[in-house]
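1. Show me how the following folds:
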Amino acid sequence: MYSRIAGTGGYLPAKILTNAELATRIDTSDEWVRARTGICERRIAADDEQTSDLALAASRNALAAAGIRRLTDEQSVILPKKFSVRSR
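-> So this is what the prediction gives:
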């Protein structure tokens with residue numbers, strides 16, 4: 001028995017927030033953010049888009065990249081049903 005990574009996938013929400021747009025909301029600039037972090041833009045999930053929706057889309061892309069249309073008994077994908085982040 002062995003394991004291998006057959007495919008990887010990702011998903012980015014459609015909404016983009018650029019540094020220039022961010023600079024209209026807070027006191028910063030594209031140059032300042034880019035020089036210190038390397039970040040040019042960030043993706044923002046839609047109001048009706050949950051973390052699980054992003055994970056589902058990414059996992060579908062990973063399966064497609066691996067060329068897997070249906071999982072067999074020997075193949076498995078384990079995803080958490082639900083998790084929460086709690087602050088202390």
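
2. Going by secondary structure, R36 is in what exactly?
-> Secondary-structure assignment from DSSP states H and E places R36 in helix 30-37.

3. Sheet-wise, list the partners of the following helix or strand past that helix with their directions.
-> Next helix or strand after helix 30-37 toward the C-terminus (DSSP H and E): strand 41-44. Strand 41-44 sits in its sheet next to strand 15-18 (antiparallel), going by DSSP bridges.

4. Can I get the next helix-or-strand element following the partner strand as CSV, trimmed to CA atoms?
-> The first helix or strand that comes after strand 15-18 along the chain, using DSSP H and E, is helix 19-23. Extracted in CSV, the C-alpha atoms of helix 19-23 (Å, rounded to 0.1, in the frame of the first residue of the first chain):
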residue,chain,number,x,y,z
ASN,A,19,-4.4,47.8,-2.9
ALA,A,20,-5.7,51.0,-4.7
GLU,A,21,-9.2,50.2,-3.6
LEU,A,22,-8.0,49.4,-0.1
ALA,A,23,-6.3,52.8,0.0
